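*Asks:* okay, sequence plus prediction incoming.
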There are 2 protein chains.
Amino acid sequence: MTDDRSPTGLGSTTIATIAQEVGVSSATVSKVLNGRSDVAAGTRARVEASLERHRYRRRARRTTGEGQIDLVFHEFGSDWALEIIRGVEAVTSATQLNVVLSQLGGAHRPPQSWVDALIARRPLGVLLVMCNLTDQQRQQLQRQAIPVVVVDTDSASSASVPTVGSNNWNGGLLATRHLLELGHRRVAIISGPPDVLCARARTAGFRCAHEELGVPVDPALVRAGNFHLDAGYTHGIELLSRPDRPTAIFAGSDLQAMGVLRAARQLGLDVPGDLSVVGYDNLPVAAWIGPALTTVNQPLRDMAGTATRMLLDLARGVALPPSRIDLVAELVVRESTAPPPPT
Amino acid sequence: MTDDRSPTGLGSTTIATIAQEVGVSSATVSKVLNGRSDVAAGTRARVEASLERHRYRRRARRTTGEGQIDLVFHEFGSDWALEIIRGVEAVTSATQLNVVLSQLGGAHRPPQSWVDALIARRPLGVLLVMCNLTDQQRQQLQRQAIPVVVVDTDSASSASVPTVGSNNWNGGLLATRHLLELGHRRVAIISGPPDVLCARARTAGFRCAHEELGVPVDPALVRAGNFHLDAGYTHGIELLSRPDRPTAIFAGSDLQAMGVLRAARQLGLDVPGDLSVVGYDNLPVAAWIGPALTTVNQPLRDMAGTATRMLLDLARGVALPPSRIDLVAELVVRESTAPPPPT
């Protein structure tokens, strides 16, 4: 052990300690810490392993008031992205903070180049929407004292990252229970992609409601798609063209539900006379379309606002327990649901 | 004249020249240039007047590849904001640039504090959406070699700022001509707020189409509102409750048109049987609602992409002539328009 304590080291581990252990110069360790790209991959990996072994942490920086937070979407594919942006803005607009916007083009993990550039910029914190970091990326940011908060995602594997979501299971339960209580016995679900945990949670709620009332689930009526209009339309046409078509469809998003409504119109089916439809999200538009959509209110703005406040707390050095906060999802009954047609 | 040339001065004017003329220290001039707040307002004004008189310009900075551009909305009030963001992202995602997002809470001019903070950050450039700078703010950014491009706004007074819009007058003409050619003789327009120039341009196109075909415009059918759903609904209810109600309504946005559709449903009017409706924007949702909306395609993504490329050119030092580029607006005919009902 040398006594050459770096001012940026926390506790007893210094850059020199790491350099000595790995057999490189202190400058090389600094380069790895600063996300510079001019370090050989093998060397970088050995330095990072040593940093992690020693639990090396940068000292938290002071808040300059000119800081930035990064808001990262897996994609802007759905209009609810704007609701998230509004929720973040509502919190940051009262501060001197700027919001830096990125999207990952549909990927659920950012590429390493993005993480390296992020570290070079050193934002106050990072808000990830429907995407997450690898364990190694998370450790890299942790070493730089750049906090991370995740908004609603398939975060089963990362209990160590604070997450804000909504209770998707309960949302699925409430929507399905509403349809079964109206008397529907053939209820279809079009959910999100199967690799997205929130979609699986809603499907689980759908199944649970059926079990509660002793109604069997027909596997042919359980569909997975993306959250967009076209998935609702395509599955809607398929489901509603069956001789044993469902009398109700629970869609994975309001946009998907609008795709179902279009499929119903095309096939000459009246909503809610021949078919009941339930959406998910409660986007502003859901109240305005005809028929106005019964949907599950996912409090996207509140979720984003809560996540932003958590991020600012973490950046100020407030210790938050690793946690997942689920805001309550509630059913909003409008015009698109009714009892099934008489058989 | 002193020979003490500052390395940041362009041409013969130096910080020392300005300081001598105003009778302050060079440090004070630097503070004003850097947007620091610790300069008395009177002193700041005298320094800025002198800087402008000498047409003082900072030397353009090198592009570091880690730059940021600022994207500023007057508000996120409408879903087309997301289309703009997508258009910007499509260009920046191929670069190392980050997008910093702001909104002005409905104001059409940013506050001076925002401009000061911007200058302290020195982004590569600024993209303003539906908002603009005062002449003084524009000069401040020009001195810092921070280029500005405006997307579609009431920019009549600022020919000196490159602007990308779409031909609103032509959009209004095409939509109204379509309705008149279908045989409608009582056509209403619900436009945007009267202080927004694009709204006035569309109304002028509406009037021009009437003149072309020799159809008089009833002033009672010319309405101004915001671009949101509620304005379409409120004006829709009013217009359609009149004994001499219009047989067609041209709305200022697709969202406004959805408000009109809701008003029609509530009053038991069939679209397009009893009432034709034309929207504006051609948001993705317009194709999916029932009836699918006839609307004017405002190429929002292309407009944002064009503006972003112009901004990057300016930041690289490419000299662009002061210009307004108007992309073409085209009519998209769908299901919401038809000949008027027989009288």
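*Replies:* That came in fine, so what should we check first?
*Asks:* who is A:Gly125 paired with across the strands?
*Replies:* A:Ile69 (DSSP bridges).
*Asks:* my guess is it meets A:Pro147, correct?
*Replies:* Yes - assessed by C-beta atoms under 8 Å, A:Gly125 is found in contact with A:Pro147 at 4.5 Å. No exception for glycine: its C-beta is placed from N, CA and C like everyone else's.
*Asks:* and A:Arg185, what pLDDT?
*Replies:* A:Arg185 carries a pLDDT score of 97 in this model.
*Asks:* got the contact list for it?
*Replies:* Residues in contact with A:Arg185 (C-beta atoms under 8 Å, 6 or more residues apart in numbering or on different chains) are A:215, A:247, A:340.
*Asks:* dump the residue contacts of the first one.
*Replies:* Applying C-beta under 8 Å, 6+ apart to A:Val215 gives the contacts A:180, A:185, A:187.
*Asks:* tell me, how many residues neighbour the first one?
*Replies:* The tally of other residues near A:Leu180 (other C-beta atoms under 10 Å in any protein chain shown) stands at 19.
*Asks:* measure it to B:Ile325 for me?
*Replies:* 56 Å (C-beta to C-beta, to the nearest Å).
*Asks:* helix/strand/coil for the closest residue to A:Leu182 other than its chain neighbours?
*Replies:* Leaving out its chain neighbours, the residue that sits closest to A:Leu182 by C-beta to C-beta, 6 or more residues apart in numbering or on different chains is A:Pro339, at 4.9 Å. Applying DSSP: H, G, I helix; E, B strand; the rest coil to A:Pro339 yields a three-state assignment of coil.
*Asks:* quick revisit: closest one of the contacts of A:Val215 to A:Leu71?
*Replies:* A:Val187 (36.3 Å; C-beta to C-beta).
*Asks:* look up phi and psi at A:Ala251.
*Replies:* phi -100, psi 160 (degrees, to the nearest 10).
*Asks:* confidence score at it?
*Replies:* 97.
*Asks:* flag every residue of chain A that's near chain B.
*Replies:* Contact residues, chain A versus chain B (C-beta under 8 Å from any C-beta of the partner chain): A:66, A:68, A:71, A:76, A:79, A:81-82, A:85-86, A:89, A:93, A:96, A:98-103, A:105, A:117, A:120-121, A:229, A:233, A:255, A:258-259, A:261-262, A:265, A:284-285, A:288-290.
*Asks:* type out the ChimeraX command that picks the buried ones from these.
*Replies:* Of the residues of chain A next to chain B, the buried ones can be selected in ChimeraX as follows, counting by 16 or more other C-beta atoms under 10 Å in any protein chain shown:
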select /A:68,71,76,79,81,82,85,86,89,98,99,100,101,102,103,117,229,233,255,258,259,261,262,265,285,288,289,290
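*Asks:* take the residues of chain A next to chain B and keep only those in strands.
*Replies:* Of the residues of chain A next to chain B, the ones assigned to strands by DSSP state E are A:68, A:71, A:98-103.
*Asks:* got those residues as CSV, with distance to B:Leu311 and pLDDT columns?
*Replies:* Converted to CSV, those look like this (distance: C-beta to C-beta, whole Å; pLDDT from 0 to 100):
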residue, distance to B:Leu311, pLDDT
A:Gln68, 19, 90
A:Leu71, 21, 95
A:Asn98, 17, 88
A:Val99, 19, 92
A:Val100, 17, 92
A:Leu101, 16, 91
A:Ser102, 18, 87
A:Gln103, 19, 86
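*Asks:* let's have the contacts of A:Arg185 in CSV, adding pLDDT.
*Replies:* Below are these laid out as CSV (pLDDT from 0 to 100):
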residue, pLDDT
A:Val215, 97
A:Thr247, 98
A:Pro340, 97
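*Asks:* from those, which is closest to B:Ser113?
*Replies:* Using C-beta to C-beta, the contacts of A:Arg185 come closest to B:Ser113 at A:Thr247, 57.7 Å.
*Asks:* got a list of what that closest one touches?
*Replies:* A:Thr247 touches A:184-187, A:274-276, A:340-341, counting by C-beta under 8 Å, 6+ apart.
*Asks:* re earlier: ok, the contacts of A:Val215 vs chain B, which is closest?
*Replies:* Among the contacts of A:Val215, A:Val187 lies closest to chain B (C-beta to the nearest C-beta), at 22.5 Å.
*Asks:* quickly list what that closest one is bridged to.
*Replies:* Beta-bridge partners, per DSSP bridges, of A:Val187: A:Ala248.
*Asks:* help me confirm that it comes into contact with A:Ala175.
*Replies:* No - look at A:Val187 against A:Ala175 with C-beta under 8 Å: they stay out of range, at 9.4 Å.
*Asks:* overlap in contacts of the two?
*Replies:* By the contact definition C-beta under 8 Å, 6+ apart, A:Val187 and A:Ala175 are jointly contacted by A:206, A:250.
*Asks:* which sections of chain A are below the confidence cut-off?
*Replies:* By pLDDT under 70, the low-scoring segments of chain A are A:1-12, A:35, A:57-66, A:77-78, A:153-159, A:322.
*Asks:* show me where it has its helices.
*Replies:* A:15-22, A:26-33, A:41-53, A:80-92, A:112-121, A:135-143, A:168-181, A:197-212, A:229-240, A:254-266, A:300-315 (DSSP state H).
*Asks:* ok, which of those helices comes nearest B:Ser166?
*Replies:* helix A:80-92 (21.0 Å).
*Asks:* what are the contacting residues of the closest one?
*Replies:* A:69, A:71, A:73, A:98-99, A:101, A:127, A:129, A:151, A:253, A:281, A:283, A:298, A:300-305, A:307-309, A:312, B:76, B:79, B:81-82, B:101, B:103.
*Asks:* who has more neighbours out of A:Gly125 and A:Pro147?
*Replies:* Ranked by neighbour count (other C-beta under 10 Å), A:Gly125 and A:Pro147 place A:Pro147 first, with 26 against 23.
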